[in-house]
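Novice: Pasting the sequence and the predicted coordinates here, then a few questions.
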Amino acid sequence: METWPDILPKPQRGYSIQPNSGGVLRSEFSTGRARQRLVSDVRDDIFPLEWLLQPNHLVIFEHFIGVLCRKADWFNGPYHDGEGLKSGVLRLVSGRWQVQQVRNGNLFRVSANVEVQDRQFDEYGVLAAYLYPNTIDQYLGNLDDAWDNWYTE
């Protein structure tokens, strides 16, 4: 599996997500309510990402995606989600990306929808959000303190 080249910049900040169907199968009926059931708990969420690249970076990007990853293969790389910059196993949706030259500049805006393989929730962050909705930053990553102190506040 290929790894995002260190010479290329990380994706620009910003957050947007298109959650996958979540492995839910829905069956419509002519009478009565539709039924739904979970058939898979895999989360391959899609994030629209954007990079600002110089001309030499654009050539490297196109070679990395088009040749090394053959437009369809998974690779290790950075992406932004609601918690900030993370690393994961990614691939471009349908192997497609768009390039647009930035006006009055020698930069290119590259955008693509990127699928993140089996994205996981940060369990510490979820627990802290439930226990301390007003002070979540204080307890992020510290499950023991959050558990020990939840009833004292």
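Specialist: Perfect, I can see it now. Numbering: from 1, shown residues only.

Novice: Am I right that Asn56 sits in a strand?
Specialist: No - checked against DSSP: H, G, I helix; E, B strand; the rest coil, Asn56 lies outside a strand; its state is helix.

Novice: For Ala112, give its distance to Pro11.
Specialist: Computed as Cβ to Cβ, to the nearest Å, the Ala112 to Pro11 distance reads 9 Å. Yep, even glycine has a C-beta here, placed from its N, CA and C like the rest.

Novice: Surely Ile45 and His80 touch.
Specialist: In this structure residue 45 is Asp, not Ile. No - the pair Asp45 / His80 is not scored as a contact, 12.0 Å apart, by Cβ atoms under 8 Å.

Novice: Between those two, which has more neighbouring residues?
Specialist: His80 (21 against 18; other Cβ atoms under 10 Å).

Novice: which element is the more buried one on?
Specialist: Using DSSP states H and E, His80 falls within strand 75-81.

Novice: That strand pairs with which strands?
Specialist: Paired strands of strand 75-81, with direction, are strand 2-3 (parallel), strand 84-92 (antiparallel) (DSSP bridges).

Novice: Including distance to Leu38, could the ones you listed go into CSV?
Specialist: Shown next, in CSV, are the strands paired with strand 75-81 (distance: least, Cβ to Cβ, whole Å):
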stretch, distance to Leu38
strand 2-3, 32
strand 84-92, 23
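
Novice: hey, which of the ones you listed is tucked in deepest?
Specialist: With neighbours taken as mean count of other Cβ atoms under 10 Å, those reach their highest mean count in strand 84-92, at a mean of 16.

Novice: The helix or strand just after it - which strands sit beside it in the sheet, and in what orientation?
Specialist: Per DSSP H and E, the first helix or strand lying C-terminal to strand 84-92 is strand 98-101. The strands beside strand 98-101 in its sheet (DSSP bridges) come out as strand 108-116 (antiparallel).
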